[in-house]
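In: Need coordinates for the following:
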Amino acid sequence: MLDAPPPPPAAAGEEESACRSILSEFMTRVARFEELAEVGKRLLVRFQQELEYFRRPQIPSESDVMREIVKSNCTDRMRSYLEAGCRPHCQDISNINRLRSCEDGLKDHINKVKTLLEELEHLVKDIYGSTLRASLSALDVSDCRSIDNRLTNESCFIEQKKQEAEQLDSDVSLVTTMVIVHNMLKLDYMMQEKIVRALSLKKPSSELEGYCLMWDLRPYIDDNVMHIAWKMCP
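Out: Predicted structure coming up:
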């Protein structure tokens, strides 16, 4: 009586577990990326608001209404304000300090996101390696089986090959999704970096509004792909 074909090695199950563990780590960092993107958006909006405040116009002296208001409220404080060109020195200093704080915060944000992307790239390489090892292991087991065992246990063999193919398909889908997510986040980071590098006190208001809009829209992020990635997470 011929022996039944040997069961698949435990290593295959270990590789599958390793893939799921790597995916969990990957998605944890993706969530952190999303948090940082939101923090960066708030800093950019604040930079725009502070810059617009810094650019605020003087009181229009040619307006009859404004002249009447100033004339009827010509206090020492109002006179000082007008003499300063409607720009009190202390407020300008405070405003500039806040602008610098926003710039520094955005630069720090870019450094954090860059580090996070490097970690995500390492995880993608790790899961690719795990999937490749699992695939090679399955091929080795198949090649070691004798022809007699295959003929005698044909139904078991077919079922096992079907399970191996399904697992391989699942692993390949997982790796592919992770690669796509990583590439999307990398493009999002590159957009953010370009925006932060372009910031200056001379930027037109319309351009700053465009930066804020693009940061909020995040055109490189496909929500459907992100939803699929989260569904894969154990």
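In: Spit out the contact partners of Y189.
Out: Residues near Y189 by Cβ atoms under 8 Å, 6 or more residues apart in numbering: 110, 113-114, 117. C-beta coordinates here come from the backbone N, C-alpha and C atoms, glycine included.
In: Going along the chain, name the helices of this protein.
Out: With DSSP state H as the criterion, the chain has helices at 10-54, 64-72, 76-83, 89-144, 147-152, 154-198, 205-217, 223-232.
In: so where is the protein shaky, pLDDT-wise?
Out: Applying pLDDT under 70 to the chain picks out residues 1-17, 57-63, 66-67, 69-71, 75-90, 92, 132-171, 234.
In: Any of the contacts of Y189 buried? List them.
Out: By neighbour count, with 16 or more other Cβ atoms under 10 Å, the contacts of Y189 hold 110, 113, 117 as buried.
In: pretty sure the first one is in contact with E193, am I right?
Out: Yes: proximity of I110 to E193 meets the contact threshold set by Cβ atoms under 8 Å, at 5.4 Å.
In: follow-up on the earlier one: Throw the buried ones among the contacts of Y189 into CSV and include distance to L187, thanks.
Out: As requested, the buried ones among the contacts of Y189 are exported to CSV (distance: Cβ to Cβ, whole Å):
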residue, distance to L187
I110, 14
V113, 12
L117, 11
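In: closest to E209 among the residues you listed?
Out: I110 (20.6 Å; Cβ to Cβ).
In: can you tell me which residues contact that closest one?
Out: Taking Cβ under 8 Å, 6+ apart, one finds 40, 189, 192-193, 196 in contact with I110.
In: cutoff 7 Å now
Out: Shown in contact with I110 (Cβ atoms under 7 Å, 6 or more residues apart in numbering): 192-193, 196.
In: cool, E193 as well?
Out: Counted by Cβ under 7 Å, 6+ apart, E193 has contacts I110.
In: measure the closest residue in space to E121 that isn't next to it in sequence to H122 for me?
Out: Spatial nearest neighbour of E121, excluding adjacent residues (Cβ to Cβ, 6 or more residues apart in numbering): H182 at 6.4 Å. Using Cβ to Cβ, to the nearest Å, H182 is found at 10 Å from H122.
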